[in-house]
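*Asks:* Any chance you can model this:
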Amino acid sequence: MSDALIVFIRNPVKGKVKTRLGRAIGDDAALQVYLQLCLLTRNAICTFSGKKYLFYSDEIIWNDEWDSREFDKQRQVGNDLGERISNAFEMAFLVHRRILLIGSDCPYLKPYHLNQALDYLNDADCVIGPAKDGGYYLIGLNQRIPGLFLNKSWSTSLVFNETCDTLKNDNHSYALLETLEDIDNPEDWEHYLNDHLKSKKNF
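*Replies:* Okay, here's the model as predicted:
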C-alpha cells in the first residue's frame, strides 16, 4: 500500500481566507498572501512520491493552479474541521498505509519534513508537526485512531495539547517534528518575509 499526502485548502475567495490577517491588512491583501502561501505549499510538496489529494473547503476547482493531473481533488465533508479531517483520513485509509495531512498556512514546510514524518510512522502510530500558535501544521497516521479529531478546540492554542492528550489516553505512540510557525497575523507574515530575505542573502 502506497503513501499519501492530504492537503486541506480553503477556496480562494476574498474575505473568506486568512480573515484574521484581513482585519489588519484588508481582504484583498490577505487573499494575495493566501495565494502566495498556496504556492509555497505546492513547492514544498512537489517531490512527494506518494499519492497527493487536495481537499477544498467548499467546491472543487478543476482549472486552478493545483494541477488536476498531480492532485486527486476532493471536497471536505463534515460539520467542523475535526469531522472533515477524520473523513479525509478514513477515505485515504481505504487505499494507503501511511498518510500525512497538511494545510497551506506554513511557509516553513520543506520536503524533508514530509520525509521525516513518513520515517517516524514506521515506528510510531502518529506523527505531529507542532505550530508555534498551539496547533499543528502536519499530522500523520499509519492506522485509524477513532476520536482523534473529535471534540477539539479548533483555531485555538489548545489543539496540539488536546491531540497529544487523546493519543496518550488511548495508549497510542507519537513522534514530533520540529516546531514551525503558521501564518495567522501580519507579524507572522512579516517574520517569514524577513527570514526569507535573510536566507537569500546568506545563500
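*Asks:* Need the pLDDT of residue 202.
*Replies:* Per-residue confidence (pLDDT) for residue 202: 54.
*Asks:* mind listing what residue 12 touches?
*Replies:* 31, 34-35, 38, 64 (C-beta atoms under 8 Å, 6 or more residues apart in numbering). Where C-beta positions appear, they are placed from N, C-alpha and C, glycine not excepted.
*Asks:* any idea how far residue 43 is from it?
*Replies:* Shown here: residue 12 relative to residue 43, a distance of 17 Å by C-beta to C-beta, to the nearest Å.
*Asks:* Looking at the contacts of residue 12, which is nearest residue 17?
*Replies:* residue 34 (4.2 Å; C-beta to C-beta).
*Asks:* Number of residues surrounding the closest residue in space to residue 93 that isn't next to it in sequence?
*Replies:* Once flanking residues are discounted, residue 93 sits nearest to residue 144: 5.8 Å by C-beta to C-beta, 6 or more residues apart in numbering. Using other C-beta atoms under 10 Å, residue 144 has 12 neighbouring residues.
*Asks:* Tell me the secondary structure of residue 144, please.
*Replies:* Three-state assignment for residue 144 (DSSP: H, G, I helix; E, B strand; the rest coil): coil.
*Asks:* isn't it right up against residue 90?
*Replies:* Yes: shown here, residue 144 and residue 90 form a contact pair, counting by C-beta atoms under 8 Å, at 7.2 Å.
*Asks:* Of the contacts of residue 12, grab the buried ones for PyMOL.
*Replies:* One line in PyMOL is enough to select the buried ones among these; burial here means 16 or more other C-beta atoms under 10 Å:
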select buried, resi 31+34+38
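*Asks:* Looking at the contacts of residue 12, spot the one nearest residue 153.
*Replies:* residue 34 (23.2 Å).
*Asks:* Can you say which helix or strand has the closest one in it?
*Replies:* Residue 34 belongs to helix 27-45 when elements are defined using DSSP states H and E.
*Asks:* who touches residue 166 in this structure?
*Replies:* 145, 147-148.
*Asks:* Show the buried residues in those.
*Replies:* 145, 148.
*Asks:* could the contacts of residue 166 go into CSV alongside distance to residue 157 and pLDDT?
*Replies:* Formatted as CSV, the contacts of residue 166 follow (distance: C-beta to C-beta, whole Å; pLDDT from 0 to 100):
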residue, distance to residue 157, pLDDT
145, 22, 97
147, 21, 93
148, 19, 97
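*Asks:* Closest one to residue 60 out of the contacts of residue 166, please.
*Replies:* residue 148 (25.8 Å).
*Asks:* quick one: contacts for the nearest residue to residue 31 once chain neighbours are set aside?
*Replies:* Spatial nearest neighbour of residue 31, excluding adjacent residues (C-beta to C-beta, 6+ apart): residue 14 at 4.9 Å. Each residue near residue 14 by C-beta under 8 Å, 6+ apart is listed here: 27-28, 30-31.
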